[in-house]
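> give me a model of this one.
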Amino acid sequence: QVHLVESGGGLEHPGGSLRLSCAASGSIFSNYDMGWYRQAPGKQRELIAVITRGRGGSTNYADSVKGRFTISRDNAKNTVYLQMNSLKPEDTAVYYCNADPVIYIWGQGTQVTVSS
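Just a heads-up that it's a prediction; the model follows:
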């Protein structure tokens, strides 16, 4: 069974940066496109960034984070990252990783709060 463990969240001021990590165990991580998702209070979970499984994987972003967030992966470490810059209050959410499309059981996520 695959376990996803997200980390790196916290409280940040607007304009600040955070780097999230997601470690996956129990699967051939490199075989799948991976994504970062987020769920804000009262809203549905949404996919915000994807990185494909190939070497030098290509990326795609939701308009709301394009130009501010960067997804990357290290297949040797079974880890996917999300570098978040120029944070805004509307980025406040619980952040999760999973394959795209979703195939794994969700992890616990990591809370990101952006507030002055």
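> which residues are contacting stretch 98-108?
Outside of stretch 98-108, the residues within contact range by Cβ atoms under 8 Å, 6 or more residues apart in numbering are 1-6, 22, 24, 27, 32-35, 37, 47, 50, 96-97. Placement of C-beta: from N, CA and C, glycine included.
> from these, list the buried ones, please.
2, 4, 6, 22, 24, 27, 32-35, 37, 47, 50, 96-97 (16 or more other Cβ atoms under 10 Å).
> low-confidence ranges in the chain?
26, 28 (pLDDT under 70).
> and the strands in it?
3-7, 10-12, 18-25, 34-39, 46-51, 59-61, 69-74, 79-84, 93-99, 110-114 (DSSP state E).
> from residue 14, how far off is residue 35?
25 Å (Cβ to Cβ, to the nearest Å).
> do the same with residue 24
Distance, residue 24 to residue 14, using Cβ to Cβ: 31 Å.
> list the contacts of residue 8.
18-21, 110.
> quick one: which of the residues you listed is most hemmed in?
The most crowded member of the contacts of residue 8, judged by other Cβ atoms under 10 Å, is residue 20 (24 neighbours).
> so it touches residue 36, yeah?
Yes. With contact defined as Cβ atoms under 8 Å, residue 20 reaches residue 36; the gap is 7.1 Å.
> which neighbours do these two share?
In contact with both residue 20 and residue 36: 82, 95, 97, using Cβ under 8 Å, 6+ apart.
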